[in-house]
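1. The following comprises the amino acid sequence and a computationally predicted model.
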Number of protein chains: 4
Amino acid sequence: MYTLKIGVIGAGYWGPNLLRNFVEIPDADAIAVADLDEERLRFVKKRYPSLMVTQDYHDLFELGLDAVAIATPPSTHYAIARDCLEHGLHVLVEKPITLSSHDAEMLVELADQRNLTLMVGHTFAYNPAVRALKEIIDSGELGQVYYVDTVRVNLGLFQNQLNVLWDLAPHDISILRFILGAEPIAVGACGAACICSDIHDVAYLYLEFPDQVVAHSHISWLDPAKVRRITVVGSKKMLVYDDIEPLEKIRIYDKGIERLPHTDTFGDFQLNYRYGDIVIPNIRFTEPLRIECQDFIDSVVNHTPPVSDGNDGLQVVKILELADCSLQQGNGRLHLPEREVHGRDALHAN
Amino acid sequence: MYTLKIGVIGAGYWGPNLLRNFVEIPDADAIAVADLDEERLRFVKKRYPSLMVTQDYHDLFELGLDAVAIATPPSTHYAIARDCLEHGLHVLVEKPITLSSHDAEMLVELADQRNLTLMVGHTFAYNPAVRALKEIIDSGELGQVYYVDTVRVNLGLFQNQLNVLWDLAPHDISILRFILGAEPIAVGACGAACICSDIHDVAYLYLEFPDQVVAHSHISWLDPAKVRRITVVGSKKMLVYDDIEPLEKIRIYDKGIERLPHTDTFGDFQLNYRYGDIVIPNIRFTEPLRIECQDFIDSVVNHTPPVSDGNDGLQVVKILELADCSLQQGNGRLHLPEREVHGRDALHAN
Amino acid sequence: MYTLKIGVIGAGYWGPNLLRNFVEIPDADAIAVADLDEERLRFVKKRYPSLMVTQDYHDLFELGLDAVAIATPPSTHYAIARDCLEHGLHVLVEKPITLSSHDAEMLVELADQRNLTLMVGHTFAYNPAVRALKEIIDSGELGQVYYVDTVRVNLGLFQNQLNVLWDLAPHDISILRFILGAEPIAVGACGAACICSDIHDVAYLYLEFPDQVVAHSHISWLDPAKVRRITVVGSKKMLVYDDIEPLEKIRIYDKGIERLPHTDTFGDFQLNYRYGDIVIPNIRFTEPLRIECQDFIDSVVNHTPPVSDGNDGLQVVKILELADCSLQQGNGRLHLPEREVHGRDALHAN
Amino acid sequence: MYTLKIGVIGAGYWGPNLLRNFVEIPDADAIAVADLDEERLRFVKKRYPSLMVTQDYHDLFELGLDAVAIATPPSTHYAIARDCLEHGLHVLVEKPITLSSHDAEMLVELADQRNLTLMVGHTFAYNPAVRALKEIIDSGELGQVYYVDTVRVNLGLFQNQLNVLWDLAPHDISILRFILGAEPIAVGACGAACICSDIHDVAYLYLEFPDQVVAHSHISWLDPAKVRRITVVGSKKMLVYDDIEPLEKIRIYDKGIERLPHTDTFGDFQLNYRYGDIVIPNIRFTEPLRIECQDFIDSVVNHTPPVSDGNDGLQVVKILELADCSLQQGNGRLHLPEREVHGRDALHAN
């Protein structure tokens, strides 16, 4: 069987993880790495002596690669991804796919024209716990979903010229779209810019989905403790997914409130509180990035769209743009334009 | 020394706690309890056989009481508190003091005219952990406060005809005013009404205080796990107060981010992350309600204002009114009118 | 219906809890309290003004009481309990019932002769979580019980002239006897005497039960964190009971190891590890002491033996005596004499 | 500078970790890997394509290696390590160094004769948290150490023909020797053999050190939850080291009990309980195995003894032999022969 030849552009914080996975996946070979920083190149070369390394990513175009993975600063995503697509390479680019929806649309279009895979690294769509969470929701075990609350906070790492919304919210937005299988219809945001007066480092994001489903995300670079928690409250049961927990990631609470149908008094109501068992399902954990990289390989080989394709990247950027507008201007809830859905563009989560 | 004669109106969930404290405080005697529910009266009578109990709170006016504590449903606070003040009794009323700022103003005025203590049961202002938290902030150990995040969620107890904002947010608002020693200048709220379409059971409250200090409160009656957490992020250190923890309520993190003063590049900046020790101070815990009841007694005896007086109750109601407006209408951040401060009305926290 | 008249002897740490429960139980009235310390008498009198209080417990014999609860220092249990039984009173005495098996036998005999209830305060036998634990074991859900590990440690409270074994181990021994429904056949102990060279403050207790079931208890007055944990490992599932957890006291782990029956090689074996879900059953919690006090009342009224009767107290003391011998002399595992079982003496747990 | 050429024998569970570290350490090159299992060789070859791999470890003797790391089953340690030393290679061997003190002595002697480094993989001696723990003890902050309690339990992995003592206790014994800087003078053990009647899978180990310092270790392959906890109780402060905690590994409790010097009564004593702050020191974490591998490299290059040398391995085996004897025969506490200390053999911890 043919083994895909992969290059990795960017060997900073995340790049080595992509590299490791492409090295270890049987159907792929990581051939080359590009990074501006010689120190980082020495680091990866020591680990994998047979790698070709370069400070100029254009050198990768000479190697007969099939695909690249891009883990450079977000502001460079558009130009590098475009360059790679134009050189006929399949592209996996880290989130956010670009810093504007216009740029994202350009990339999606270009990949479509060239019939190349364009994938965005929404890792959580490949996380076994998130997938278990989606299965639990889809099974109806929680009943009707009332609301979802997410918290993604810790200390640092600040991004230059990019606020916390663009850095962390792509995770929450992609998770919410994935588990709810729907697009938000309105967003709002508020927050604080504590360290640099022009860059929000704390944000609270409010999203409205169809059927009165509400979601809220607290994201912060300025919190003493690392928290990665998603709470899903349904009409039958409730669920907490704590990504920090090494083993017990999901707890299903057989708890709920029922409104009793018949009450005599006007205005009053009677509620029944149900307190039952808690179940912590055993989830077989595989590194999400491994599954993501495998999905990229499969997409390239089989000419099928990956789970998190360019359109997912684009949708997330559209939501981020609107949320950032609300955050900057303090003008509350803003409505997203209804999305035209056609062809490959249909949400895979559905 | 004279022992104050106290009556308790309302023997539901909270009333017996007030009763127990007034029974046990040396300077007070709990004489009588009023409640509409005979079952509750039997319950307290079994525990304290010498109590006078009645279904009609007007009977308490015949007993020569000095003061009453009112723990009835919030919609009745105004009428009962007014009645008691008019009968010359000092009044401790549970939070929220009333359901409108107009009513609260009436009570404050009446108490002032009659020279009676009017106190509202903002228990957390008497909580040793909250007081320790305030001392830590005031000492400057945290540096300049950047933002405060609070979470107060659990399953139930729903209130009839009162949304979660009016039920739970009085705690957070009174704590924030207390620890920051300031009044908010703007508020906004969003949320969800899951169980009863007209009553919000989940709310996210955003508050702006002077000096760009931002606060955010997540409150909910619909959460599988009980959380009572306040995070204070300062320029020097960060702090988490977890009220669920039986012993280790406050953690001070010697963590922070400093923006380095000189950087050559335009737009860029350099940050220094500091990771240091965590200290969990030993806090001598006393039941907050005991301290609160003692403050009420002292206020009555010494003719001095209590820590949480009627004006505190009024201020909290004003903020709630505006937040509820934002919650209902979705119109984002609303500015509070600047407060005229005079006489006793000055915030004691300062 | 007749309401039992109860006296409480000893109003130190535990006595007020007994008092509160007898005050609140409908079928009983707490009439009088005796304690040598006037301060403690004033304390209970303030709380329950109608109580008769005295420094001399003999005064209680003049009041026409039906029963007494004794919560005095262990060294006084025998003399006071004997005195009360001789005055025709039913007796609930705190654990350990006495400090020697000889004394315990005398009390059991005396109560039998007088046809009086003699009960020992092994509270955990009344703890809903321990009862749920016993039901789970008895249901066979865990399979065959392999071993039980218990930890009961915290800082203080040291007892005068009594080592940690006599203070804390009665809990573990009574729980183990209760949940396993069997008597140990051998015991051993080791430990340390850190603060006072003649009084062990740390002990490790090893117990062998029939059918190769092994139990081990770590008890200590000298530990920085309070731990109250029991682990039961069975052939099918495993269970952890954490008494510190306010709500999630029991966790059932669907985990296990199976030895595969057929393996070719000599000496070798193959094991199958099973990792499944964790279930945290919802346990309706009632104060154990309330259930215990009610059992005492019921025993007196109905002339039926309580769950933890004098014989239970006696058996626990026999085990303590042997364990203490092993602890003092370092002579390892000692065998308990086989117990003659007759009449009421049969273990109720069976 | 010369780069050491390293071979790794055994590529099962632990071998790849050794391999990864030797690959990444600047002063060393991992050249070759030997394992009986072809599957494991394919696995490491995919990861590091330039490696020489073989099923016969003797092939490694042809490669001009400087040193080997041995991570094979314990029963093969002696023969392979001897073979490697006889071929002039420096040896790092996993714990336990051998399965008998006689064999360990032979290896130590052989390495001494050949002037080769013989090191045993007592990883915890290289763990930054254990080193911080030792520094805290040595600084006197805890006062005099009273006792140490360790818990090392989880589900599996069972070893063939080796009980839990030989598998897990080397960690605790090496940690205790390291942090206390002393050899135990007596040991005892009890336990249970649940899955295979001849192989203990649960053990409780008791150790006496000089100056009345007592240690106790609970080790088990049969526990539903993974616990790695060490509690050190001193006369001034207490400390808990929880190796499962990702960040907050050590907690220093400013808690203690003081015996007041003067008391009037005979037999009685008065104690003062001190409850103070808890401090969680920030520990810069580096992978212990990295430090261990670096120590091995440094030892080879500089001809200096490593922190955990062959004598440490030998001492731990002597203690294990005696503990196993106590475990098998149930004969309680056994005394270790006093150790003759000479030359390099002196405990480095001192």
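-> Here it is on my side, so go on. Numbering: from 1, shown residues only, chains lettered A, B, ... in the order given.

2. Which of the helices or strands spans A:Asp312?
-> Per DSSP states H and E: A:Asp312 is located in helix A:310-329.

3. Okay, buried residues for that helix please.
-> Neighbour-count burial for helix A:310-329 flags A:310-324, A:326-327 (criterion: 16 or more other C-beta atoms under 10 Å in any protein chain shown). Every residue, glycine included, has its C-beta placed from N, CA and C.

4. And stretch A:98-113, by the same measure?
-> Buried, per 16+ other C-beta under 10 Å, within stretch A:98-113: A:Thr98, A:Leu99, A:Ser101, A:Asp103, A:Ala104, A:Glu105, A:Met106, A:Leu107, A:Val108, A:Leu110, A:Ala111.

5. on that earlier part again, would you mind trimming the buried residues of helix A:310-329 to those in range of chain C?
-> Contacts with chain C within these, counted by C-beta under 8 Å from any C-beta of the partner chain: none were found.

6. Is the closest residue to chain B within the stretch 1-150 of chain A within a helix or a strand, and which one?
-> Proximity of the stretch 1-150 of chain A to chain B (C-beta to the nearest C-beta) peaks at A:Tyr146, 3.9 Å away. Using DSSP H and E, A:Tyr146 sits in strand A:145-155.

7. pLDDT weak spots in chain A?
-> Along chain A, segments meeting pLDDT under 70 span A:1, A:261-269, A:339-350.

8. Please, where are all the helices along it?
-> For chain A, the helices defined by DSSP state H occupy A:15-24, A:38-47, A:77-86, A:101-114, A:128-139, A:164-180, A:288-302, A:310-329.

9. got CSV for the ones you listed, with distance to C:Ile283 too?
-> Output for these, formatted as CSV (distance: least, C-beta to C-beta, whole Å):
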stretch, distance to C:Ile283
helix A:15-24, 43
helix A:38-47, 51
helix A:77-86, 52
helix A:101-114, 52
helix A:128-139, 24
helix A:164-180, 31
helix A:288-302, 36
helix A:310-329, 43
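
10. Those helices: which one's closest to A:Lys255?
-> A:Lys255 sits nearest to helix A:128-139 of all the helices of chain A, at 14.7 Å, using C-beta to C-beta.

11. Mind giving me the packing neighbours of that closest one?
-> For helix A:128-139, the packing partners by 3 or more C-beta pairs under 8 Å, 6 or more residues apart in numbering or on different chains; DSSP states H and E come out as helix A:164-180, strand A:222-234, strand A:238-242, strand A:250-259.

12. The same query, at a cut-off of 7 Å, please.
-> Using 3 or more C-beta pairs under 7 Å, 6 or more residues apart in numbering or on different chains; DSSP states H and E, the elements in contact with helix A:128-139 are helix A:164-180, strand A:238-242, strand A:250-259.

13. what does the stretch 1-150 of chain A have sitting close to chain B?
-> Residues of the stretch 1-150 of chain A that fall close to chain B, judged by C-beta under 7 Å from any C-beta of the partner chain: A:Tyr146, A:Tyr147.

14. ok, the spatially closest residue to A:Val214 that is not a sequence neighbour - contacts?
-> Distances taken as C-beta to C-beta, 6 or more residues apart in numbering or on different chains place B:Ala192 nearest to A:Val214, at 4.1 Å, with adjacent residues excluded. By C-beta atoms under 7 Å, 6 or more residues apart in numbering or on different chains, the contact list for B:Ala192 reads A:Tyr146, A:Tyr147, A:Val214, B:His200, B:Val202.

15. what's the spacing between B:Ala192 and B:His216?
-> 16 Å (C-beta to C-beta, to the nearest Å).

16. Ok, A:Ala34 next?
-> Distance of A:Ala34 to B:His216, given as C-beta to C-beta: 42 Å.

17. and if you look at A:Asp27?
-> To B:His216, A:Asp27 is 47 Å away according to C-beta to C-beta.

18. Over to A:Ser101?
-> 28 Å.

19. again with A:Cys293
-> 37 Å.

20. between these two, which one's more packed in?
-> Regarding A:Cys293 and B:His216, a neighbour count based on other C-beta atoms under 10 Å in any protein chain shown identifies A:Cys293 as having more, with 28 against 24.

21. For the residue nearest to that one when sequence neighbours are not counted, list the residues it contacts.
-> Distances taken as C-beta to C-beta, 6+ apart place A:Asn21 nearest to A:Cys293, at 4.3 Å, with adjacent residues excluded. Shown in contact with A:Asn21 (C-beta under 7 Å, 6+ apart): A:Leu289, A:Arg290, A:Cys293.

22. What is the nearest of those to chain D?
-> Using C-beta to the nearest C-beta, the contacts of A:Asn21 come closest to chain D at A:Arg290, 13.2 Å.

23. ok now do the closest residue to A:Glu248 other than its chain neighbours, which residues does it touch?
-> Distance criterion C-beta to C-beta, 6+ apart; nearest residue to A:Glu248, sequence neighbours excluded, is A:Ile280 at 4.8 Å. Counting by C-beta under 7 Å, 6+ apart, A:Ile280 touches A:Glu248, A:Ile250, A:Arg251, C:Asp277, C:Ile278.

24. Show me the beta-bridge partners of A:Ile280.
-> C:Ile278 (DSSP bridges).

25. Can you name every helix or strand that the strand holding A:Tyr146 contacts?
-> helix A:164-180, strand A:213-220, strand A:222-234.

26. Tell me how many other residues surround the closest residue to A:Lys46 other than its chain neighbours.
-> Excluding its sequence neighbours, the residue lying closest to A:Lys46 (C-beta to C-beta, 6+ apart) is D:Glu24, at 6.4 Å. When neighbours are defined as other C-beta under 10 Å, D:Glu24 has 15 of them.

27. still on that earlier bit, the strand holding A:Tyr146 pairs with which strands, parallel or anti?
-> Using DSSP bridges, the strands paired with strand A:145-155 in its sheet are strand A:213-220 (parallel), strand A:222-234 (antiparallel).

28. any idea which of those strands is most buried?
-> strand A:213-220 (a mean of 24; mean count of other C-beta atoms under 10 Å in any protein chain shown).

29. what are the bridge partners for the closest residue to A:Val232 other than its chain neighbours, then?
-> Leaving out its chain neighbours, the residue that sits closest to A:Val232 by C-beta to C-beta, 6+ apart is A:Leu239, at 4.5 Å. In this entry, A:Leu239 is beta-bridged to A:Val232, A:Ile252, by DSSP bridges.

30. can I assume A:Leu239 is in contact with A:Lys249?
-> No - here A:Leu239 does not reach A:Lys249: they are 10.7 Å apart, not a contact under C-beta atoms under 7 Å.

31. and the stretch 251-350 of chain A, which residues reach chain C?
-> A:Tyr275, A:Gly276, A:Asp277, A:Ile278, A:Val279, A:Ile280, A:Pro281, A:Asn282.

32. between the residues you listed, which is nearest A:Ala11?
-> Out of those, the member with the shortest distance to A:Ala11 (by C-beta to C-beta) is A:Asn282, at 35.8 Å.

33. wait, that closest one sits on C:Gly276?
-> Yes - counting by C-beta under 7 Å, A:Asn282 touches C:Gly276, with 5.1 Å between them.

34. So out of everything in the stretch 251-350 of chain A, what residue is nearest chain D?
-> Closest point on the stretch 251-350 of chain A to chain D, by C-beta to the nearest C-beta, is A:Ile280, at 11.7 Å.

35. Other residues contacting stretch A:102-116?
-> Residues contacting stretch A:102-116 (C-beta under 7 Å, 6+ apart): A:78, A:81-82, A:85, A:88, A:90-91, A:97-98, A:118, A:310-311, A:313-314, A:317.

36. So the nearest residue to A:Glu258 once chain neighbours are set aside versus B:Ala192, what's the distance?
-> Residue nearest to A:Glu258 in three dimensions, not counting chain neighbours: A:Asn272, with 4.6 Å by C-beta to C-beta, 6+ apart. As defined by C-beta to C-beta, A:Asn272 lies at a distance of 20 Å from B:Ala192.

37. from the contacts of B:Ala192, which two are the most distant?
-> A:Tyr146 and B:His200, at 11.9 Å, using C-beta to C-beta across these.

38. among the helices and strands packed on helix A:128-139, which is the most enclosed?
-> Comparing the helices and strands packed on helix A:128-139 by mean count of other C-beta under 10 Å gives helix A:164-180 as most buried, with a mean of 25.
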